[in-house]
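Chemist: Could you look at this predicted model? Sequence included:
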Amino acid sequence: MPAGYRVVSGPGSILGGQLSLTGVGALVVVAEQPGDANWLAALPVTNRVTVGRGVQVVTFEPIGDQTLGAGPVTLVARASSGLPVTFSVISGPAAVDNDRLAFSAEGVVTVRAINPGSSLWLSASADQTIAVRKQTRLAVTVAGNLGGSVAVAPVKDQYLATDTVTLTATPASGFAFSAWSGDLTGSANPASLSMAANRSVVATFKDITPPSIIWELPVAGTSGIELFRLLGKVNDNSTVATVLWSRDGGLGQPLTLGADGSFKLENLVLASGTNRFALVARDAAGNEARLEREVVWMPQRILRVAAADSSQEGQRLVFPLELTSPGDVAGLTFELRYDPTFLADPQIEWSAAVGQSVNNVNATTPGKVAATFSMAGSALPGGIQRLATVSFRGRSVPAAKTVDLEPRWVSASSSTGALLANGNAVVTGSGRIVPRRIQGDNNANQRIDIGDAVLISRLQVELEEVRPWDVALNDLNGSGLIDNGDVVKALRAVVGLDPQPTSGSEAKRLANALGLAKAQVNTNDAIILEPIDGPVVTVGQPYRIAIRLNRVQGSLSGLRFTLNYPNGLSLTEKQVGALVPGDAMPFWNDGTGKVSLAAIRSTPWPGSVGVAAVFTFVPDAAFGGQAEWPIRLDQAEITGSGFDVRPLDPVTLTIRSQGGIDNRPSITLAPPKPDGTLGLEIIAPQGTTIAVEATSDLSAWTETQRITGQGSGNPVKVTLQADPNVQARFWRVRVR
């Protein structure tokens, strides 16, 4: 049987077995069974409970951040109990009307949704925080305002914080889009941007097009005129940064552009032959444009300095000077530029073609030679003509040195006097100065001579410029300075007190240094042996011989010679003559049968003609045993500047011994042969040395052969024939 229920006490009721609560408090419910005909009644069961209010949940739908001025927002919230929900602003610049929330300023707003509960339900609430912002703006710019544009979609003056825009960059011609910067980064194009805040975006476009070059002058090809202009224009879609021009691969030179991009350089000169020009223009983005052009100049006239042969310091470098022309040059003015540190004493020798012209040379300015010539009513022949030879003294060098002689064309005229202003070119020539082989050899003859002694003395008193390297080159005594000891050392070598220095086993040069090699004789100067006491010598009586210079051209700063005399003479006195200045430095070297003298000073002697030395001899008994005795002067040389060491003819003086045996040879001349040769038969005492000498002018004699006497009745046959080194017209025979 079903049980029955009833509320004994408390907030509730039962209907149809369903318990309904009507409040809170203590509730007592009884379950009972009264029984029936078949069942006894059951004991009632009492259940006591406490009834409380239910827990509810409020769900508040989020509205997100809002934009000021966008209008009220409808709030939506629900309570799980189904009871109504109300709204209130907890904080922030906003107000709520029922479920409508309105904002009054920027800021953070906290809104609450709440149900206060009921007799059955506890209260419940939910809060929501909202950021309120003003409407946003978008600023889009192009870097440098150059290179393109940016499209924005959608376009608005102001955006809601929830809006999203799309930016599309479009480059202009010659540009490419590079990147975004500011509130948008990267290089995506198009790109999206949230407008939750004010945004600033910069679009950068890069220039990808090089400048354009319009090159007007010079025109490529061949030109007969050397003057030209550099003319043209450079433009760019942005900014031209630099424009450089260069010639033959040289360093680029900047060009200045006008407002329209034009450039112009006047009065430029082409070099002879091919000229390779280049123009390089760069814009601010680094794009480069390059044009190259060749212009060939075929000059009508070329003034050329030909190369000089390599010369040792102290020798002269000789540069040939040539003119190539079509045959229209009757007058020419030019300059020659050189480095006076290494070249000195310029001299010009005009060629025969120019020698009859009116010509002048000015070489007074160190580093420059100015020269001019003018023909009388005619022009030089066409083609290549030698104008002159230009020579310089090679100064001392610390090491092998290449030197240039650079010509400069000043002006030229034709035979009618018309100026030949165009079509003129010059070519520079070079020479090489090599260091000396021997310390102290300033005049480059591979030995120490009086010229070197003069030059060292001039360096000592600084009559010649002393460069740093000159000290080591002339410090013969190792003092670290150029001093009087170096002059003494040089003079000792000159007269043979010390050996000549050498730079190795150079036999030929050493022989020349010792005076054994044949040297070219300068017949402009002459030295003679003068017998003061006549030609006859008496045994036991003093006999004097003077050394005299009687024909010298130019200045004289030094002299040296060796006097060779027979063993029967004893040298008792030697002294310098009146020609040698009192402040000159004489150096003597006495030997068996010979005596040497060298005398120098730093500046030229007052005179160059006179007695240089006087020697006094006393003959002994052996001297009287021969009728004639030769006294020979050789190894004689003089100098003016120190560089111009001039050798003199050897001289022989025959003196006679009173009562001596006559050893003069007898000569028989045979008739000439068909080939032009002459035959001689010479009879001379046994062992006598006989020299056959030849000359063309009866002034300078050259020994052609030697024979030895074979005694009476034994003639020696000699054939006289032309010597290739001497244009002989006369011969003589001398006892040596």
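Modeler: Perfect, I can see it now. Since the model is a prediction, treat every value here as computed from it, not as a measurement.
Chemist: Would you mind giving the domain segments of this structure?
Modeler: 4-51, 58-133, 138-207, 212-297, 301-434, 471-661, 666-735 (automatic domain parsing).
Chemist: Quick one: those domains as TSV, columns for mean neighbour count, distance to Gly440 and mean pLDDT too.
Modeler: In short, each C-beta sits where N, CA and C put it, glycine included. Formatted as TSV, the domains of the chain follow (neighbours: other Cβ atoms under 10 Å; distance: least, Cβ to Cβ, whole Å; pLDDT from 0 to 100):
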stretch	mean neighbour count	distance to Gly440	mean pLDDT
domain 4-51	12	138	72
domain 58-133	16	100	90
domain 138-207	16	70	93
domain 212-297	15	44	93
domain 301-434	17	11	94
domain 471-661	18	5	83
domain 666-735	14	31	73
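Chemist: and Asp452, which of those is closest to it?
Modeler: Nearest to Asp452, of all the domains of the chain, is domain 471-661, at 5.4 Å by Cβ to Cβ.
Chemist: mind checking how far the helix or strand where Asp452 lies is from the chain centre?
Modeler: For Asp452, the element it lies in under DSSP states H and E is helix 450-460. The chain centre lies 36 Å from the centre of helix 450-460; the measure is Cα atoms, centre = their mean, to the nearest Å.
Chemist: and it, what other elements does it pack with?
Modeler: Applying 3 or more Cβ pairs under 8 Å, 6 or more residues apart in numbering; DSSP states H and E, we find helix 450-460 packed against helix 468-474, helix 484-494, strand 558-564, strand 594-600, strand 628-639.
Chemist: Reformat those as TSV; add distance to Gln446.
Modeler: TSV is the format used below for those (distance: least, Cβ to Cβ, whole Å):
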stretch	distance to Gln446
helix 468-474	15
helix 484-494	12
strand 558-564	16
strand 594-600	18
strand 628-639	14
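Chemist: Tell me which of these lies nearest to Ile448.
Modeler: Of all the helices and strands packed on helix 450-460, helix 484-494 comes closest under Cβ to Cβ, at 4.1 Å.
Chemist: by contact count, what packs against that closest one?
Modeler: Using 3+ Cβ pairs under 8 Å, 6+ apart, helix 484-494 sits against helix 450-460, strand 585-591, strand 594-600.
Chemist: Could you check the angle the first one makes with strand 628-639?
Modeler: Read it as helix 450-460. 40 degrees (axes from the mean of the first three to the mean of the last three Cα atoms, to 10 degrees).
Chemist: Report the mean confidence score over helix 450-460.
Modeler: The predicted model gives helix 450-460 an average pLDDT of 91.
Chemist: could you give the angle of it to strand 594-600?
Modeler: Going by the same axes, to 10 degrees, helix 450-460 makes 30 degrees with strand 594-600.
Chemist: Alpha carbons of helix 450-460, in PDB - could you do that?
Modeler: C-alpha atoms of helix 450-460 as PDB (Å, rounded to 0.1, in the frame of the first residue of the first chain):
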ATOM      1  CA  ILE A 450     142.300  65.900 -60.300                       C
ATOM      2  CA  GLY A 451     138.700  66.700 -61.300                       C
ATOM      3  CA  ASP A 452     137.400  64.600 -58.400                       C
ATOM      4  CA  ALA A 453     139.800  66.300 -56.000                       C
ATOM      5  CA  VAL A 454     138.500  69.700 -57.200                       C
ATOM      6  CA  LEU A 455     134.900  68.600 -56.800                       C
ATOM      7  CA  ILE A 456     135.400  67.100 -53.400                       C
ATOM      8  CA  SER A 457     137.000  70.400 -52.300                       C
ATOM      9  CA  ARG A 458     134.100  72.300 -53.700                       C
ATOM     10  CA  LEU A 459     131.700  70.100 -51.700                       C
ATOM     11  CA  GLN A 460     133.800  70.700 -48.600                       C
END
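Chemist: Tell me which stretches of the stretch 251-400 of the chain form strands.
Modeler: Assigned by DSSP state E, counting those that start in this stretch, the stretch 251-400 of the chain shows strands spanning 253-254, 262-269, 273-283, 288-297, 301-305, 311-312, 316-325, 331-337, 343-350, 358-362, 368-374, 383-394.
Chemist: How about residues contacting the first one?
Modeler: Outside of strand 253-254, the residues within contact range by Cβ atoms under 8 Å, 6 or more residues apart in numbering are 242-246.
Chemist: One more: the third one?
Modeler: With Cβ under 8 Å, 6+ apart as the contact definition, strand 273-283 has outside contacts at 207, 210-211, 213, 215, 218, 230, 232, 234, 236-249, 252, 288-297.
Chemist: chain center to that strand, what's the gap?
Modeler: The mean C-alpha position of strand 273-283 is separated from the chain mean by 21 Å, Cα atoms, centre = their mean.
Chemist: Starting from that strand, tell me which strands it pairs with and how they run.
Modeler: strand 240-247 (antiparallel), strand 288-297 (antiparallel) (DSSP bridges).
Chemist: and the angle for it with strand 262-269?
Modeler: Using the same axes, to 10 degrees: strand 273-283 against strand 262-269 is 160 degrees.
Chemist: CA atoms of strand 273-283 as CSV?
Modeler: Extracted C-alpha coordinates of strand 273-283, given in CSV (Å, rounded to 0.1, in the frame of the first residue of the first chain):
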residue,chain,number,x,y,z
GLY,A,273,97.2,59.1,-80.0
THR,A,274,94.2,57.4,-78.4
ASN,A,275,92.5,59.2,-75.5
ARG,A,276,90.1,57.1,-73.5
PHE,A,277,87.4,59.0,-71.6
ALA,A,278,84.8,57.8,-69.2
LEU,A,279,81.8,59.5,-67.6
VAL,A,280,80.3,58.0,-64.4
ALA,A,281,77.1,59.4,-62.9
ARG,A,282,75.6,58.1,-59.6
ASP,A,283,72.3,59.1,-58.0
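Chemist: The nearest residue to Lys489 once chain neighbours are set aside sits in which helix or strand?
Modeler: Excluding its sequence neighbours, the residue lying closest to Lys489 (Cβ to Cβ, 6 or more residues apart in numbering) is Leu476, at 3.8 Å. Using DSSP H and E, Leu476 sits within no helix or strand.
Chemist: Surely Leu476 is in contact with Gln439?
Modeler: Yes: counting by Cβ atoms under 8 Å, Gln439 is a contact partner of Leu476 at 6.4 Å.
Chemist: a helix runs through Phe623, doesn't it?
Modeler: Yes: if the criterion is DSSP: H, G, I helix; E, B strand; the rest coil, then Phe623 is within a helix.
Chemist: so it makes contact with Tyr565?
Modeler: No: between Phe623 and Tyr565 there is no contact under Cβ under 8 Å: 10.2 Å.
Chemist: so how far is Leu481 from Val466?
Modeler: Counting by Cβ to Cβ, to the nearest Å, the gap between Val466 and Leu481 amounts to 10 Å.
Chemist: Show the contacting residues for Gln347.
Modeler: By Cβ under 8 Å, 6+ apart, the neighbours of Gln347 are 363, 390-392.
Chemist: Ok, Thr389 next?
Modeler: Applying Cβ under 8 Å, 6+ apart, the residues contacting Thr389 are 318-321, 348-349, 351.
Chemist: which SS state does Leu40 fall under?
Modeler: coil.
Chemist: how much space between it and Thr46?
Modeler: For Leu40, the distance to Thr46 - Cβ to Cβ - is 19 Å.
Chemist: Could you dump the strands paired with strand 273-283 into TSV with distance to Ile63 added?
Modeler: Shown next, in TSV, are the strands paired with strand 273-283 (distance: least, Cβ to Cβ, whole Å):
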stretch	distance to Ile63
strand 240-247	57
strand 288-297	60
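Chemist: who wins for proximity to Asn98 among these?
Modeler: That would be strand 240-247 among the strands paired with strand 273-283, by Cβ to Cβ, at 69.4 Å.
Chemist: Thank you kindly, that will do.
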